[in-house]
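Asker: test case, fold it:
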Amino acid sequence: MNFKTAGSAAMRIKRLLLDVGYEPQLARRAAIIAYELEMNLIIHGGGGQLAVKLSPDFIEIYAGDQGPGIPDVELAMQEGYSTAPPQVREMGLGAGMGLPNVKHWADVLKIDTKVDEGTRLRAIVYCTQSK
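Answerer: This next block holds a predicted model:
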């Protein structure tokens with residue numbers, strides 16, 4: 001993952017969801033989540049893994065990295081809070097909306113992070129609910 005291909009994994013996930021018959025609104029929510037997580041992996045995690053698990057009842061998006069971890073998850077969940085480096089902000093990214101957007105579009109959000117060890121995040125979108 002890098003800035004040249006940023007967003008491509010999220011687009012593939014959305015296409016897959018639509019191809020296998022998920023409702024467009026669910027595919028959109030999952031794609032927004034996947035995009036935000038993909039960008040976080042690039043900006044903060046030094047790359048990592050982005051995966052999707054499909055079920056008739058839910059869509060689960062997983063992101064994991066071996067980056068610096070999140071020292072204060074509560075602070076990181078606040079809109080506008082960002083630790084993105086200046087060069088990322090100069091590209092118009094790193095505005096501090098990634099995790100808040102994930103929380104908004106996910107029905108369930110679980111974050112497991114350890115400083116200097118990395119972050120693992122699971123976001124679930126239930127197929128019976130809509131936002």
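Asker: only C-alpha atoms from now on, for both contacts and neighbour counts.
Answerer: Will do.
Asker: contact partners of the longest strand along the chain?
Answerer: Looking across the chain with DSSP state E, the single longest strand is strand 118-126. With CA atoms under 8 Å, 6 or more residues apart in numbering as the test, strand 118-126 has contacts from 26, 29-30, 33, 45, 57-70, 102, 105-113.
Asker: sort out for me which of those residues are in strands.
Answerer: 58-64, 108-113.
Asker: which one in this structure is furthest away from the centre?
Answerer: What lies farthest from the middle of the chain is G21; by CA atoms, centre = their mean that is 21.9 Å.
Asker: please report how far it lies from G118.
Answerer: As for G21, its distance to G118 is 34 Å (criterion: CA to CA, to the nearest Å).
Asker: could you do G92 as well?
Answerer: For G92, the distance to G118 - CA to CA - is 25 Å.
Asker: now L16
Answerer: L16 is 28 Å from G118, by CA to CA.
Asker: returning to what we had before: neighbour count for G92 and G118, which is higher?
Answerer: Of the pair G92 and G118, G118 is the one with more neighbours under other CA atoms under 10 Å, namely 19 against 9.
Asker: ok, what's across the strand from that one?
Answerer: K114 (DSSP bridges).
Asker: who are the contact partners of the closest residue to I33 other than its chain neighbours?
Answerer: Spatially, and ignoring its direct neighbours in sequence, I33 is nearest to V102 (5.0 Å; CA to CA, 6 or more residues apart in numbering). With contacts defined as CA under 8 Å, 6+ apart, V102 is in contact with I32, I33, E36, L37, L109, A123.
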